[in-house]
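Peer 1: got a structure for you, letters missing:
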């Protein structure tokens, strides 16, 4: 595959994305940009010395002009979340960083598809959309792609089936107000309630699925990893690399990512995660799957929480 991917930010997340991309056949060119040029150069040197075991690939530590003609630009820049700190507390500092990045990268890569990973992801996606002036189909946030992976991981552990058999998603903010629309959760073609009955007929000693515990697992996984090892970067890197492969694929795929909403579910002028069809043209459409009244209320609550933050920041 001949494609060029630029990553802005050579911290743990950006560098791990670059490394993960280097081990897959997604990109033929990778550009890593960071204000700390030595850090970017060191990461690239370390990564490219391991690429002799795969087909040739170009990996460079560069500056904004080197991002010209990128197919995808991934923005990870920002101050890392500290133990006990919420994503929302990072907002103004990271928005200011986004303000400095946006005009520089858009000038050289106006046709690229942009994946926003910087936290708080939904607010940063909204900020980039407003600051860049690019068509909204070119912009998506990694959103709840990782949260959804965490959800499927927990359900896979509970039921003892492959995560590939599980179709369940996390909607809303990539953060504390996210929720699981359980009415849209399926395992091997059965609704979660139906599959639960099937499993308990064979495993009568299996404890009932605690949906509140599952959501708590989704909400606290990031902070738990941060408390134990200092940062999260492996799982997010894999999820972002998958988004890259979907954006470069021949057809569209429906995933949970953060996009600008314009009246879907009664939500407007905010970025958060629902189901979106993405592919080589970027965001094709919001796929408005039916939600229950309670689930719609939770989506509104998540949107309002994000709007409250946006109202308090200087864009």
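Peer 2: That came through, no problem. Owing to the predicted nature of the structure, the values given are computational and were not obtained by experimental measurement.
Peer 1: hey, let's count contacts and neighbours off CA atoms from now on
Peer 2: Fine.
Peer 1: what is the burial count for residue 293?
Peer 2: Per other Cα atoms under 10 Å, the neighbour tally for residue 293 reads 9.
Peer 1: for it, give its distance to residue 45.
Peer 2: Counting by Cα to Cα, to the nearest Å, the gap from residue 293 to residue 45 is 53 Å.
Peer 1: thought residue 253 was touching residue 246?
Peer 2: Yes: contact criterion Cα atoms under 8 Å: residue 253 and residue 246 qualify, at 6.6 Å.
Peer 1: who has more neighbours out of the two?
Peer 2: residue 246 (21 against 16).
Peer 1: would you mind measuring from the more buried one to residue 58?
Peer 2: 21 Å.
Peer 1: give the contact list for the residue lying closest to residue 58 once chain neighbours are set aside.
Peer 2: Nearest residue to residue 58, sequence neighbours excluded (Cα to Cα, 6 or more residues apart in numbering): residue 29, at 4.7 Å. Residues in contact with residue 29 (Cα atoms under 8 Å, 6 or more residues apart in numbering) are 2, 3, 4, 5, 57, 58, 59.
Peer 1: relative to residue 286, which of those residues is nearest.
Peer 2: Lowest distance from residue 286 to the contacts of residue 29 (Cα to Cα) belongs to residue 5, with 24.8 Å.
Peer 1: what's the host helix or strand of that closest one in contact with?
Peer 2: Taking DSSP states H and E as the definition, residue 5 sits inside strand 4-8. Residues from elsewhere that reach strand 4-8, judged by Cα under 8 Å, 6+ apart: 14, 18, 27-34, 67, 69-77.
Peer 1: give the rounded mean pLDDT of that strand.
Peer 2: In this model, strand 4-8 carries a mean pLDDT of 98.
Peer 1: what's the following helix or strand after it?
Peer 2: Next along from strand 4-8, by DSSP H and E: helix 12-22.
Peer 1: now that following helix: buried residues?
Peer 2: Of all the residues in helix 12-22, those buried under the rule 16 or more other Cα atoms under 10 Å are 12, 13, 14, 15, 16, 17, 18, 19, 20, 21, 22.
Peer 1: what's it packed up against?
Peer 2: Under the contact criterion of 3 or more Cα pairs under 8 Å, 6 or more residues apart in numbering; DSSP states H and E, helix 12-22 touches strand 4-8, strand 29-33, helix 37-48, helix 234-247.
Peer 1: what's in contact with the third one?
Peer 2: By Cα under 8 Å, 6+ apart, the residues outside helix 37-48 that reach it are 10, 15, 18, 19, 22, 32, 33, 34, 59, 60, 61.
Peer 1: right, and residue 112 touches residue 70 too?
Peer 2: Yes: using Cα under 8 Å, residue 112 makes contact with residue 70 at a distance of 5.7 Å.
Peer 1: of the two, who's got more company?
Peer 2: Neighbours were counted for residue 112 and for residue 70 using other Cα under 10 Å; residue 112 has more, 25 against 21.
Peer 1: can you name the residues that contact that one?
Peer 2: 69, 70, 71, 72, 73, 138.
Peer 1: distance of the third one from residue 276?
Peer 2: Taking Cα to Cα as the measure, residue 71 falls 20 Å from residue 276.
Peer 1: which among the contacts of strand 4-8 count as buried?
Peer 2: Counted by 16+ other Cα under 10 Å, the contacts of strand 4-8 give 14, 18, 27-34, 67, 69-77 as buried.
Peer 1: what's the helix or strand for residue 153?
Peer 2: Per DSSP H and E: helix 145-159 holds residue 153.
Peer 1: I meant residue 285, not that one.
Peer 2: Going by DSSP H and E, residue 285 is in strand 282-286.
Peer 1: which strands or helices does that strand pack on?
Peer 2: So strand 282-286, by 3+ Cα pairs under 8 Å, 6+ apart, packs with strand 139-141, strand 268-279.
Peer 1: got JSON lines for these, with distance to residue 303 too?
Peer 2: Compiled in JSON lines, the helices and strands packed on strand 282-286 are given as follows (distance: least, Cα to Cα, whole Å):
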{"stretch": "strand 139-141", "distance to residue 303": "15"}
{"stretch": "strand 268-279", "distance to residue 303": "7"}
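Peer 1: can you redo those as JSON lines with mean pLDDT?
Peer 2: Converted to JSON lines, the helices and strands packed on strand 282-286 look like this (pLDDT from 0 to 100):
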{"stretch": "strand 139-141", "mean pLDDT": "98"}
{"stretch": "strand 268-279", "mean pLDDT": "98"}
